[in-house]
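Undergrad: need a 3D model of the sequence below.
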Amino acid sequence: MRVLLDTGPLVALLNRRDAAHRWSVEEAAKLKPPFFSCEAVITEAHFLLRGVPLGRERLIELIALGRFDLSFSFWQHQGRVGELMEQYSNVPMSFADACLVAMAEESDGRIFTLDADFHIYRRHGQEALQLIIP
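TA: This is a model prediction of the structure:
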């Protein structure tokens, strides 16, 4: 089964001072790359790693090493991503979260996250998502 990587664990993996660092490292060690993600997650992580020494550089290095599959195309899924963001506007759902849910709807993957909002989101509006979450 595919592992869909969210921003929280990605940042925690690259930031030893993050409260979820140890958990994220332990969970990631149990999983087989590549991790499936999207450019929205990479963008969020890049921003959040701005104060972490070598954090951004290590992120780019992991991408170059092929640890992530970033083939998800917003262009091909823009309608569904928009529907999800509208449906969960009361949460509110971020753009990255909407992309990950759309990915889960297509691939039946487990979402590796720290974000409890994923307990609220549903595949195709009905099914609970499979999560890797503390």
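Undergrad: element containing His77, please.
TA: helix 74-87 (DSSP states H and E).
Undergrad: who's in contact with that helix?
TA: By CB atoms under 8 Å, 6 or more residues apart in numbering, the surrounding residues in contact with helix 74-87 are 38-40, 92-93, 95, 98-99, 101-102, 105, 121, 125. C-betas here are computed from N, CA, C, even on glycine.
Undergrad: need the max-distance pair from these.
TA: Glu39 and Gly125 (25.0 Å; CB to CB).
Undergrad: which of the two has more neighbours?
TA: Set Glu39 next to Gly125 and count neighbours by other CB atoms under 10 Å: Glu39 wins out with 13 against 10.
Undergrad: which residue packs closest to the more buried one, ignoring adjacent ones?
TA: Leu70 (6.0 Å; CB to CB, 6 or more residues apart in numbering).
Undergrad: tell me the phi and psi of that neighbour?
TA: phi -110, psi 30 (degrees, to the nearest 10).
Undergrad: and Arg123, by the same measure?
TA: Backbone torsions of Arg123, given as degrees, to the nearest 10, read phi -70, psi 130.
Undergrad: would you mind confirming that it makes contact with Leu131?
TA: No: assessed by CB atoms under 8 Å, Arg123 is found out of contact with Leu131, at 11.5 Å.
Undergrad: coming back round to it: what is the subsequent helix or strand relative to the helix holding His77?
TA: Going down the chain from helix 74-87, the next helix or strand is helix 95-107, by DSSP H and E.
Undergrad: can you name every helix or strand that that next one contacts?
TA: strand 3-5, helix 39-48, helix 74-87, strand 122-123 (3 or more CB pairs under 8 Å, 6 or more residues apart in numbering; DSSP states H and E).
Undergrad: ok and that helix relative to helix 74-87, angle-wise?
TA: On the basis of axes from the mean of the first three to the mean of the last three CA atoms, to 10 degrees, helix 95-107 is oriented at 110 degrees to helix 74-87.
Undergrad: contacts for helix 95-107?
TA: 2, 4, 6-7, 36-38, 40-41, 43-44, 72, 74, 77, 80-82, 84-85, 88, 93, 109, 111, 113, 115, 117-118, 121, 123-124, 129-130.
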